[in-house]
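A.B. asks: sequence unknown, structure follows:
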């Protein structure tokens, strides 16, 4: 299996509001940048989208070291919350539905294809790839904000 590094970030202007995501894939020193966004979304949806689109870009099963500043994404994967939500019919507990179930379903499906190692990084703390992903995400967020004017 190829060893890939995936760096991701999401951004949102308002929550909800125009948002963007950015991802960097690195394999053998070669990098590919990906980004996208939506006109009306949330920060958590953009964080999830960055990981999903990064994993979807891989053409074969890989060992992926994921680096994200989203505790929502990292904890839900690493601590098994997302799998429990799915087992419970996308409920966090007896009264609260899990948010973004369609994105979690897609992400869990991709995590079954790839071996994903979760690494949380502190956001806005000088981590070079996280800062680049943030710039990609913010640029997409601004693009969608300008379209809604």
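C.D. replies: Cool, the structure landed. Note that the coordinates shown come from a computational prediction; the quantities given were computed from them, not determined experimentally.

A.B. asks: What helix or strand is residue 116 located in?
C.D. replies: Element membership of residue 116, judged by DSSP states H and E, is strand 115-120.

A.B. asks: Neighbouring strands - and their directions - for that strand?
C.D. replies: Next to strand 115-120 in the sheet, as set by DSSP bridges, lie strand 62-68 (parallel).

A.B. asks: list the buried ones in the partner strand?
C.D. replies: Buried residues in strand 62-68, counted by 16 or more other CB atoms under 10 Å: 62, 64, 65, 66, 67, 68. Glycine gets a C-beta too; all of them are placed from N, C-alpha and C.

A.B. asks: Please name the bridge partners of the third one.
C.D. replies: In this structure, residue 65 has the following beta-bridge partners (DSSP bridges): residue 5, residue 117.

A.B. asks: State the distance from it to residue 137.
C.D. replies: 20 Å (CB to CB, to the nearest Å).

A.B. asks: just checking, what's the longest helix in this protein?
C.D. replies: When the chain is parsed with DSSP state H, its longest helix is helix 128-147.

A.B. asks: Check which helices and strands that helix is in contact with.
C.D. replies: Judged by 3 or more CB pairs under 8 Å, 6 or more residues apart in numbering; DSSP states H and E, helix 128-147 is in contact with strand 2-12, strand 17-27, strand 30-41, helix 43-56.

A.B. asks: at 10 Å what do you get?
C.D. replies: Under the contact definition 3 or more CB pairs under 10 Å, 6 or more residues apart in numbering; DSSP states H and E, helix 128-147 sits against strand 2-12, strand 17-27, strand 30-41, helix 43-56, strand 62-68.

A.B. asks: roughly how far is that helix from the heart of the chain?
C.D. replies: Its chain's C-alpha centre and that of helix 128-147 lie 13 Å apart, by CA atoms, centre = their mean, to the nearest Å.

A.B. asks: same thing with stretch 15-24?
C.D. replies: Remark: stretch 15-24 is offset 10 Å from the chain centroid, using CA atoms, centre = their mean.

A.B. asks: quick one: average confidence on it?
C.D. replies: The average pLDDT for stretch 15-24 rounds to 96.
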